[in-house]
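Peer 1: Provided below for reference: sequence and predicted model.
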Amino acid sequence: MTRPESSHHPPAVKEWRLNLYLSEHDPDTTARIVMDTGDNVLESRAEARRNPYDRDIPEIGDELAAGRALIAMGRLLVRAANGDMRALGAADTDGPQPLWLPRE
């Protein structure tokens, strides 16, 4: 069903700033994410560790640490949304499905 022309609102566009910082201290790589939504600032952190018997390829550690920090940021955002919904009186649900398999 279409709505009358007068009820159309222009799309809301928001920009959230995300900075990803990587630091390497062989064999460890640490990723830190700082996300600024304009209303809140969230931070997540994750690590990757190279097995001493593996070849030294820093890009792999960067990818693993960054991916893990992004997953952690996703969890923070979902948790924040759940808290906001509860604060508004929303009924509890069965909780979110896992974002990855247990061994990831």
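Peer 2: Received it, and whenever you're ready, just let me know what you need.
Peer 1: if I look at the residue nearest the centre of the chain, how far off is Y53?
Peer 2: Residue closest to the mean C-alpha point of the chain, counted by C-alpha atoms, centre = their mean, is M73 at 2.5 Å. According to C-beta to C-beta, to the nearest Å, M73 and Y53 sit 31 Å apart. In short, each C-beta sits where N, CA and C put it, glycine included.
Peer 1: sorry, back to before: and the residue nearest to the centre of the chain, that's in a helix?
Peer 2: Yes. Counting by DSSP: H, G, I helix; E, B strand; the rest coil, M73 falls inside a helix.
Peer 1: just checking, it touches A46?
Peer 2: No. Taking C-beta atoms under 8 Å as the definition, M73 is not a contact partner of A46, at 9.2 Å.
Peer 1: Tell me which stretches of the chain form helices.
Peer 2: Applying DSSP state H to the chain gives helices spanning 58-87.
Peer 1: what ranges of this protein fall below the confidence cut-off?
Peer 2: 1-7, 92-104 (pLDDT under 70).
Peer 1: which residues of it fall in strands?
Peer 2: 17-25, 28-36, 41-49 (DSSP state E).
Peer 1: circling back: for the residue nearest to the centre of the chain, what are its contacts?
Peer 2: By C-beta atoms under 8 Å, 6 or more residues apart in numbering, the contact set of M73 is L18, I33, M35, L42, S44.
Peer 1: Just send those residues back as a markdown table, with distance to A91 too.
Peer 2: Written out in a markdown table, the entries for these read as follows (distance: C-beta to C-beta, whole Å):
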| residue | distance to A91 |
| --- | --- |
| L18 | 31 |
| I33 | 31 |
| M35 | 28 |
| L42 | 25 |
| S44 | 28 |
